[in-house]
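Q: Sequence first, predicted model second:
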Amino acid sequence: MTEEERLAWFEAQAEEAYYKMYDARTPGDATARYSDAKEFFRSAIQAARGLGKSEVAARLDARLAHVKAVFRSQFC
């Protein structure tokens, strides 16, 4: 897997975990999916920075901030 593919994989996993928050049947499940999303977004941000893609890292950082805000407003 190339670094570009790795970045794309992390981002896809982060988005999948985010969407699974909405399908969670318990608060604990939602929290676990939120934790997964944060971890994958952080890994994607790190990969983007490693590739010198500061604009992508900034976009992903903004997306992570959005996910955090949604979780705090809807699941807490």
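A: Yep, it's here. Residues are numbered from 1 along each chain as shown.
Q: What is the helix or strand harbouring Arg59 packed up against?
A: Assigned by DSSP states H and E, Arg59 falls within helix 54-74. If contacts are counted by 3 or more CB pairs under 8 Å, 6 or more residues apart in numbering; DSSP states H and E, helix 54-74 sits against helix 3-23, helix 27-50. For the C-beta atoms, the positions are set from N, CA and C on the backbone; glycine is no exception.
Q: Turn the ones you listed into TSV, columns for distance to Ala58, mean neighbour count and mean pLDDT.
A: Converted to TSV, the helices and strands packed on helix 54-74 look like this (distance: least, CB to CB, whole Å; neighbours: other CB atoms under 10 Å; pLDDT from 0 to 100):
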stretch	distance to Ala58	mean neighbour count	mean pLDDT
helix 3-23	13	16	97
helix 27-50	9	18	97
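Q: ok so, going back, list the buried residues for the helix holding Arg59?
A: Buried residues in helix 54-74, counted by 16 or more other CB atoms under 10 Å: 56-57, 60-61, 63-64, 67, 71.
Q: how close does Ala14 get to Ala8?
A: Remark: distance between Ala14 and Ala8 (CB to CB, to the nearest Å) = 11 Å.
Q: before we move on, what about Arg33?
A: Arg33 sits at a distance of 20 Å from Ala8 (criterion: CB to CB).
Q: Then Asp36?
A: Separation of Asp36 from Ala8 (CB to CB) stands at 17 Å.
Q: Nearest residue to Ala57 in space, please, no chain neighbours.
A: Distances taken as CB to CB, 6 or more residues apart in numbering put Ala48 closest to Ala57, at 4.0 Å, once the chain neighbours are dropped.
Q: who touches that neighbour in this structure?
A: When contacts are counted by CB atoms under 8 Å, 6 or more residues apart in numbering, Ala48 touches 7, 54, 56-57, 60.
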